[in-house]
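Asker: Based on what follows, work out the 3D shape:
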Amino acid sequence: MSMTNLPSRMSTKMEQQRRRETLRPHLVRDQILDAMATYGRPISPTQLHRVLPDQSLGSVAYNMRVLASAGLIDLV
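Answerer: From the prediction side, this is the model:
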């Protein structure tokens, strides 16, 4: 890694930290994180929607993208 890439990586981590601070508490995101933790392996929005039937698939997918952009989960 060159030194020229370092500031952009640092700013990305700083952006993720700022996003994390604004994300929680949030009912759907908390449910997603809890379900993913108990599932124990990568899970798709469709699979997660089956675990959280009171949430729409669109809501689950959107909130998973928000969590991923904050660096809290990895999308597969």
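Asker: where in this protein is pLDDT low?
Answerer: Scanning the chain with the threshold set as pLDDT under 70 gives 1-11, 16, 19-24.
Asker: Quick check: closest non-adjacent residue to the most centrally placed residue in it.
Answerer: With distances taken as CA atoms, centre = their mean, residue 67 lies nearest the centre of the chain, 1.9 Å away. Of all residues not flanking residue 67 in the chain, residue 73 sits nearest, at 4.7 Å (CB to CB, 6 or more residues apart in numbering). In this view, the C-beta of every residue, glycine as well, is placed from N, C-alpha and C.
Asker: Quick one: classify the one you found as helix, strand or coil.
Answerer: For residue 73, the assignment made with DSSP: H, G, I helix; E, B strand; the rest coil gives coil.
Asker: Tell me how far it lies from residue 34.
Answerer: As for residue 73, its distance to residue 34 is 12 Å (criterion: CB to CB, to the nearest Å).
Asker: now the helix or strand containing residue 38, how far from the chain's geometric center?
Answerer: Residue 38 belongs to helix 27-39 when assigned by DSSP states H and E. Taking CA atoms, centre = their mean, to the nearest Å, the mean C-alpha location of helix 27-39 is offset from the chain mean by 10 Å.
Asker: That one: which residues count as buried?
Answerer: Buried positions in helix 27-39, judged by neighbour count with 16 or more other CB atoms under 10 Å: 28, 29, 31, 32, 33, 35, 36.
Asker: now, which of these sits nearest residue 14?
Answerer: Ranked by distance to residue 14 (CB to CB), these are led by residue 29 at 20.6 Å.
Asker: Number of residues surrounding the nearest residue to that closest one once chain neighbours are set aside?
Answerer: With sequence-adjacent residues excluded and distances taken as CB to CB, 6+ apart, residue 29 is closest to residue 63, at 5.1 Å. When neighbours are counted by other CB atoms under 10 Å, residue 63 registers 24.
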